[in-house]
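**Q** predicted model follows, preceded by the sequence.
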Amino acid sequence: MGSYVIRLKLLPQDTTTEHQKIVESVAGVLPSDAKIRAQRIEPIAYGLSAIILDVVAPEEEGTIEKVEAAVSGAPLVGQSELMGVSRMSSKLPT
C-alpha cells in the first residue's frame, strides 16, 4: 500500500503571524498518521505570503478529506486550498 502526498496552500488569518507558527499549528491538528513532508513560502503581494505544504498520509478512504478538514480548522489558518494529490509508492521497483 502506498501513501498520498497532499499539497495545500494556506493563507494566514493575520499577515503579522510568523509562518513557522502557522506550520506548527497545522502539524498539531493533523491526524496521527499524517506528517508534513515539505513546506515553502510563496509571496503573493504587498507583504502577504502563502504557505505551500506537502502532507504525507496513508492511502486510505477518507484520508484526503480528514487532512483538509484538520488543516482548514487549524488555529492561525485563515484559508486553505487543496492544490493537488499524488500517490507515493512505498515500494521501490526491482
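**A** Arrived safely, thanks for sending.
**Q** now do the strands in the chain.
**A** 3-12, 35-45, 48-58, 77-88 (DSSP state E).
**Q** could you tell me which ranges of this structure sit under the pLDDT cut-off?
**A** 1, 89-94 (pLDDT under 70).
**Q** can you pull up the most central residue in it?
**A** Leu53 (4.0 Å; Cα atoms, centre = their mean).
**Q** any chance of the strands of the chain in JSON lines, plus distance to Val26?
**A** The C-beta positions use only the backbone N, C-alpha and C, and glycine is treated the same way. Output for those, formatted as JSON lines (distance: least, Cβ to Cβ, whole Å):
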{"stretch": "strand 3-12", "distance to Val26": "7"}
{"stretch": "strand 35-45", "distance to Val26": "7"}
{"stretch": "strand 48-58", "distance to Val26": "7"}
{"stretch": "strand 77-88", "distance to Val26": "7"}
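**Q** so how far is stretch 30-45 from its chain's centroid?
**A** 4 Å (Cα atoms, centre = their mean, to the nearest Å).
**Q** and it, what's buried?
**A** Leu30, Ala34, Gln39 (16 or more other Cβ atoms under 10 Å).
**Q** what's across from the last one in the sheet?
**A** Meaning Gln39. Leu53 (DSSP bridges).
**Q** residues in contact with it?
**A** Residues in contact with Gln39 (Cβ atoms under 8 Å, 6 or more residues apart in numbering) are Val23, Ile51, Ile52, Leu53, Asp54.
**Q** how close does it sit to Glu61?
**A** Separation of Gln39 from Glu61 (Cβ to Cβ, to the nearest Å): 27 Å.
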